[in-house]
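Novice: pasting the sequence and the predicted model now:
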Amino acid sequence: MRTWQVQDVMTTDVASVREGTAYREIVDVLTGRHVTAVPVVDGARQVLGVVSEADLLYKVELLGQPQERRILPNRHRREARAKAGATLAADLMTAPPVTVRPDASLVAAARIMDERHVKRLPVVDDLGRLVGIVTRGDLLKVHLRPDADIRRDVVDEVLRHTLGVPDRVVDVTVAGGVVTLTGQLDRWSTVHLALRLTRQVSGVVEVVDALGYAIDDAPMSALRAGATTPAGIA
């Protein structure tokens, strides 16, 4: 079962600049392309850093304040002052860049964005060359998948091919990305696996468990964690 990857949602027509690109040219690129950041690349398209609107706004915020206020102990403020006086991408960019591979899962990309506190990731190949860019909004595209496509993946890939569940044993309904599984399976472990794999299907928002099972083969750890009692067993 193939889950969506970064390459499925990324933008491939990426605006970029070189280290020697001037401040005003960067502003022109951002406004002209309606983007909030651009990767900085070298002649081989390897990503060196990223210049964002935040990097550019330091000039608006800080330049022109009294010189005596420029000497600050806080490292972030010193960097802000340096960028406020910068005129080229090489001095404005945030480096090293936080990047992602095109074959990374959307979950992995979202985790990187959260952990590194960034809103977009340049997508690079195995040589570090720019091949695309992915944003937070791009990652949400997976939840625009039609319910019919999600249902087909659950029925064909999860139940039929992976678990070998005969047709019509489990009823699958999908509404707004919420999948409801109804029916009776042989074992708790099969139910547990069906639910886990269904949650991994691209576009699934939530899984509603309406499944029963005949044999309780749940490990003690699962029972202690609150596993449900088999249907018909007190």
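Specialist: Received, thanks.

Novice: show me where the protein dips below the pLDDT cut-off.
Specialist: Residues of the chain that meet the criterion pLDDT under 70 lie in 1, 63-75, 221-234.

Novice: from the centroid of it, which residue is nearest?
Specialist: Geometric centre of the chain, nearest residue: Ala110, 3.0 Å, by CA atoms, centre = their mean.

Novice: quick check: it touching Leu139?
Specialist: Yes. Using CB atoms under 8 Å, Ala110 is in contact with Leu139, at 5.4 Å. For every residue, glycine as well, the C-beta is placed using N, CA and C.

Novice: which stretches of the protein form helices?
Specialist: All helices of the chain, identified by DSSP state H, fall at 6-9, 23-33, 53-62, 75-84, 89-92, 106-116, 136-139, 147-153, 188-199, 220-224.

Novice: flag every buried residue along the third one.
Specialist: Within helix 53-62, the residues that qualify as buried are Asp55, Leu56, Tyr58, Lys59, Leu62, counting by 16 or more other CB atoms under 10 Å.

Novice: which one of the residues you listed is nearest Val178?
Specialist: Within the buried residues of helix 53-62, distances to Val178 taken as CB to CB reach their minimum at Asp55, with 40.3 Å.

Novice: so who does the closest one touch?
Specialist: Residues counted as contacts of Asp55 (CB atoms under 8 Å, 6 or more residues apart in numbering) are Lys83, Leu92, Met93, Thr94.

Novice: switch to 10 Å and redo it
Specialist: Residues in contact with Asp55 (CB atoms under 10 Å, 6 or more residues apart in numbering) are 23, 26, 37, 49, 79-80, 83-84, 86, 89, 91-94.

Novice: can you name the residues that contact the residue nearest to the centre of the chain?
Specialist: Each residue near Ala110 by CB under 10 Å, 6+ apart is listed here: Ala104, Leu121, Val134, Arg136, Leu139, Leu140.

Novice: if you set the cut-off to 7 Å instead, what comes out?
Specialist: By CB atoms under 7 Å, 6 or more residues apart in numbering, the contact set of Ala110 is Leu139.

Novice: and stretch 143-156, what's buried?
Specialist: Within stretch 143-156, the residues that count as buried by 16+ other CB under 10 Å are Arg145, Ile150, Arg151, Asp153, Val154, Val155.

Novice: same question but for stretch 151-171, I mixed them up
Specialist: Of all the residues in stretch 151-171, those buried under the rule 16+ other CB under 10 Å are Arg151, Asp153, Val154, Val155, Glu157, Val158, Leu159, Val165, Val170.

Novice: how distant is it from the center of its chain?
Specialist: 27 Å (CA atoms, centre = their mean, to the nearest Å).

Novice: what is the nearest of the buried residues of stretch 143-156 to Thr198?
Specialist: In terms of CB to CB, no member of the buried residues of stretch 143-156 lies closer to Thr198 than Val154, at 5.4 Å.

Novice: quick check: buried residues in stretch 95-113?
Specialist: If you call a residue buried by 16+ other CB under 10 Å, then stretch 95-113 has these buried ones: Pro97, Val98, Thr99, Val100, Arg101, Pro102, Ala104, Leu106, Ala109, Ala110, Ile112, Met113.
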